[in-house]
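Undergrad: Here is my input, please return the structure:
(4 chains)
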There are 2 protein chains.
Amino acid sequence: MTENTETNTQEQEQAPLRFLDQYLPYWLSQASYWISSEFHREVARTGLTFAEWRVLACLYGSAGETISALCRLALIKQSTLSKLVKRLEASNLTLRQTTEGDRRQTLVSLTAEGQARIAGLVDKAQAHQQEILRPFGEENSSALIDTLKELVREHEHSGLFGHDSARSRR
Amino acid sequence: MTENTETNTQEQEQAPLRFLDQYLPYWLSQASYWISSEFHREVARTGLTFAEWRVLACLYGSAGETISALCRLALIKQSTLSKLVKRLEASNLTLRQTTEGDRRQTLVSLTAEGQARIAGLVDKAQAHQQEILRPFGEENSSALIDTLKELVREHEHSGLFGHDSARSRR
DNA sequence: ATTTTTCATATGAAAATTCATATGAAAATT
DNA sequence: AATTTTCATATGAATTTTCATATGAAAAAT
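TA: Sure, this is the predicted structure:
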């Protein structure tokens, strides 16, 4: 008989909205995931891992970043990144130099080969973004990015990064 | 001498905007990461992994989800999720039932213990979201979530999920 | 009613990530 | 100027994730 479009009728509450449907972090993750997913294929074609692409993209146009700066930019844990960069170095895509002043630091930067390897991807990334944002128009697109930037600005310092341990197990 | 607030003066280009600074996927990742990070601590206090929380949250209020539906909701790959659910089951937080009609499917749902375990977290999650969005006001907050929903709607079907292999290695 | 195809989930071996901690060096303190 | 503290990065062992593939079952085709 008059069967609802939604699954069952156990509860009378008019809107069977799941908790998730109104949960910002859920939608942020979903949006982030699917948008990035699309670009995965493009990246895969070049033979790079997505994490590798991320790191290289962070270095694009930079004169060099410390490992810990890269951690924050690429959202990769220090121990993970340390190993990833080692691999990139072995593939001749990045190089390391110890800083002049502070010899504790290591500056990671792109080699010429690294530059060449991702220059095309960066262009494609920008084109991809254009496509994604087209339906929203100039106005809304800027508004979205600005809002995201503000969210980040307000929350990036609430959980000190890089120091691996975020304490998790029971 | 007149040292700039910005790092160096190698390049004269007025706006040393990095590629990333205008790159939507970057800001989506960052926002998603930092917002979720804050809640990590809350989750950790309960002895749950963040991935475990995600899965349990997806089951909250549901009559049961198939493994593959959970993959899309929690953004976890099928093989990973299969193992995670096994652990949850061993801890008595979820249970599995084979479907009536289609015995290929398995419905995962919360046990009473599972419900109890995350009920408090769900409340805290909602409170957390309130705090995050307060500075933006009712209007902008809804706009943000709506935009994210639209982004997801337009892109979630461009890279069929669940089938693990997204093809990556060289 | 077989055979083939498709779908949902599981699993083992390989790879990557994480935690905990070590190392090496600068800064701060005594 | 020695000692302690703090900071940046690296590394080994344990854990988790991933890829590739297997299994079991329904649907479709013959």
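Undergrad: ranges for the helices of chain A?
TA: A:24-45, A:50-59, A:67-74, A:78-90, A:112-133, A:137-155 (DSSP state H).
Undergrad: which residues touch the fourth one?
TA: Which is helix A:78-90. A:51-52, A:55-56, A:67-68, A:70-71, A:74, A:76, A:94-96, A:108, A:114, A:162-164 (Cβ atoms under 8 Å, 6 or more residues apart in numbering or on different chains). (Each C-beta comes from the backbone N, C-alpha and C, glycine too.)
Undergrad: Nearest to B:Ala127, out of the helices of chain A?
TA: Smallest distance to B:Ala127 across those (Cβ to Cβ): 12.3 Å, for helix A:24-45.
Undergrad: What about A:Thr94, how many residues nearby?
TA: A:Thr94 has 24 neighbours, counted by other Cβ atoms under 10 Å in any protein chain shown.
Undergrad: Please tell me how far the closest residue to A:Thr99 other than its chain neighbours sits from B:Leu20.
TA: Nearest-residue entry for A:Thr99: A:Gln105, 4.3 Å, with adjacent residues in sequence omitted and distances by Cβ to Cβ, 6 or more residues apart in numbering or on different chains. Separation of A:Gln105 from B:Leu20 (Cβ to Cβ, to the nearest Å): 21 Å.
Undergrad: just to revisit the earlier point, next, count neighbours for the residue nearest to A:Thr99.
TA: Neighbours of A:Gln105 (other Cβ under 10 Å): 16.
Undergrad: I'd guessed it sits against A:Ala69; true?
TA: No. At 9.4 Å, A:Gln105 and A:Ala69 do not qualify as touching, with contact defined as Cβ atoms under 8 Å.
Undergrad: Of all residues in chain A, which one is nearest the centre?
TA: A:Ala74 (5.9 Å; Cα atoms, centre = their mean).
Undergrad: Does it touch A:Leu56 like I think?
TA: No. Here A:Ala74 does not reach A:Leu56: they are 9.3 Å apart, not a contact under Cβ under 8 Å.
Undergrad: Neighbouring strands of the least confident helix or strand in chain A by mean pLDDT in the sheet, and parallel or not?
TA: In chain A, the helix or strand scored least confidently by mean pLDDT, DSSP states H and E is strand A:94-98, which has a mean of 90. Next to strand A:94-98 in the sheet, as set by DSSP bridges, lie strand A:106-110 (antiparallel).
Undergrad: And the strand it pairs with, how far out from the chain middle?
TA: Put simply, strand A:106-110 sits 19 Å off its chain's centre (Cα atoms, centre = their mean, to the nearest Å).
Undergrad: How about it and DNA strand D, touching?
TA: Yes. Against DNA strand D, strand A:106-110 shows contacts by Cβ under 7 Å from any atom of the strand at A:Thr106, A:Leu107.
Undergrad: can I get the CA coordinates of that strand in PDB?
TA: Extracted in PDB, the C-alpha atoms of strand A:106-110 (Å, rounded to 0.1, in the frame of the first residue of the first chain):
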ATOM      1  CA  THR A 106      66.600  19.400   6.100                       C
ATOM      2  CA  LEU A 107      65.100  21.200   3.100                       C
ATOM      3  CA  VAL A 108      63.400  19.000   0.600                       C
ATOM      4  CA  SER A 109      63.000  20.400  -2.900                       C
ATOM      5  CA  LEU A 110      62.200  19.200  -6.400                       C
END
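Undergrad: That strand to helix A:112-133, inter-axis angle?
TA: Put simply, strand A:106-110 runs at 70 degrees to helix A:112-133, going by axes from the mean of the first three to the mean of the last three Cα atoms, to 10 degrees.
Undergrad: Can strand A:106-110 be said to contact DNA strand C?
TA: No. Judged by Cβ under 7 Å from any atom of the strand, strand A:106-110 stays clear of DNA strand C, getting no closer than 10.7 Å.
Undergrad: Distance check, the residue nearest to the centre of chain A against chain B.
TA: 9 Å (Cβ to the nearest Cβ, to the nearest Å).
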